[in-house]
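In: just to be clear, the model below is a prediction. Sequence and coordinates:
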Amino acid sequence: MSSTTMTTIQDQLILSGYPTWMILGNIGNIFIIMIFIRYRHNACSIYILNLAIMDNLYLTFLSLTQMIPFSYKNITIYALAYCKIRFYLTNIFGQVAKTMLVLSCIDRFMISSDRTSLRRFSTYKRAKFLIFFSVICWLLICIHVPIMITIIDGQCGMFSVYATIYNVYTIIFFSLIPSILIGIFGYLTHRNMRHIRNCIQPSEHNVIKRRDRELMITSRYALPNKSFQYLQIELFIFNISFLLLFLNNAAPFYIYLITSKSFRRDFKQLIFNFYQKIVKQPTVSVAFITNQSLAQRDTRV
C-alpha cells in the first residue's frame, strides 16, 4: 500500500469516524446524565455524571481538533499554541474521566462493605471534594505536556528523551493504574455482594440497591505507537488505533443499555415521560385556552 493511499484512507477515517463517534457518544452520554441526575445526591451517581460530562468534553474537543486542520490549512501562526493546548486538554479530560470511573468503583466497594466505617466514607459531600481535588491534581500533573510538546519538521508531538518519558507516563497513568484499580475494587465489590447475598435477606431498607449492583465497569487502555522509524506507516496505524480507542468514551451508554436491566428500565421510563410531556402538552394548552375563554365570557356576561 502506497503512502498516498494510506494518507487518503487515514483522512477519510478522520473525517467520517470521529464525527460519527462524537455524535453517538454525546447522545449516549446525555442520556446517562439525564438518568443519573435524578440520583445526584448519591456519591456513585455523582461520579458517573462527571464521567459522562468528561467523556462528552473529550469526544467533542478531540473530534474538533482532529478535523480542524482539514478546514483551516493556514494555522501556522497558531500551530504551536494549538498543538500544546490540544494535547494538554485531551490529557486532562481523559485522565479525569478515568479517575471518575475508578472513584465510582471504589465507592461501590465501600457501600457494599459490611463495615460501617467504610460505608460512612461514601457521602455526597466527600464525592464533591474528591471530584474537585481530582480536577486540580490533573491540571497540575499534566502541566508537563504543554511545556515539552513542540513542532519539528511540521510534526506536533514528543521528541528525543521526552518521547520515551511520555510513553512510560502514558502506559502507567493511562493503562496500568486505572486498569489495576478497577480490577481490584471490581473484584472486592463482587466478593462483598456474594457475601451479602449469602448472609443477608434482601429488604426494602437494604443499603445496597439493585442499580448499584449493575453498574458496569469499562476499562480504558492506551497504547503508545509513535516512533521515529517508518513514520508514515506508524502514523497511519496510530490514527486507526486511536480512533478505536476513541470508542471507550462513546460506548458507556450502550454498554449500560445492553447489560443492565435497571438501566434499561430507567431509560424506558425517561423516554416514556418525555413522550408523555410531548403528547400531553397540546391537551394542556387547549384546556388552558378553553378555561381562559370561559372566564372571559363570564366576565363579559
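Out: Yep, that arrived.

In: which element, helix or strand, includes the closest residue in space to Phe173 that isn't next to it in sequence?
Out: Spatially, and ignoring its direct neighbours in sequence, Phe173 is nearest to Gln95 (6.8 Å; C-beta to C-beta, 6 or more residues apart in numbering). Backbone N, C-alpha and C define where each C-beta goes, glycine included. Using DSSP states H and E, Gln95 sits within helix 79-111.

In: give the rounded mean pLDDT of that helix.
Out: Across helix 79-111, pLDDT averages out at 88.

In: same question, stretch 157-173
Out: Rounded mean pLDDT across stretch 157-173 is 83.

In: do stretch 184-198 as well
Out: pLDDT averaged over stretch 184-198 gives 84.

In: then stretch 139-153?
Out: pLDDT averaged over stretch 139-153 gives 87.

In: tell me the contacts of the closest residue to Cys44 other than its chain neighbours?
Out: Nearest non-adjacent residue to Cys44, counting by C-beta to C-beta, 6+ apart: Asp107, 4.6 Å away. The contact partners of Asp107, by C-beta atoms under 8 Å, 6 or more residues apart in numbering, come to Ala43, Cys44, Tyr47, Ser122, Ala127.

In: change it to 10 Å
Out: 42-48, 121-123, 126-127, 130, 185, 189, 212, 215 (C-beta atoms under 10 Å, 6 or more residues apart in numbering).

In: could you do Leu24 as well?
Out: Counted by C-beta under 10 Å, 6+ apart, Leu24 has contacts Leu59, Leu247, Ala250, Ala251, Phe253, Tyr254.

In: that one in helix, strand or coil?
Out: helix (DSSP: H, G, I helix; E, B strand; the rest coil).

In: the domain parsing of this structure - what is it?
Out: For the chain, the structural domains run 3-254, 260-301, going by automatic domain parsing.

In: any idea how many residues pack against the residue nearest to Phe173?
Out: Per other C-beta atoms under 10 Å, the neighbour tally for Gln95 reads 23.

In: Ser113 in helix, strand or coil?
Out: Here Ser113 is recorded as coil under three-state DSSP.

In: now do the same contact list for it.
Out: Per C-beta under 10 Å, 6+ apart, neighbours of Ser113: Arg119, Phe121, Ser122, Leu188, Thr189, Asn192, His195, Ile196.

In: for those residues, pick the one with the most neighbours.
Out: Thr189 (23 neighbours).

In: touching, that one and Met110? I think so.
Out: Yes - the pair Thr189 and Met110 passes the contact test of C-beta atoms under 10 Å, sitting 9.1 Å apart.
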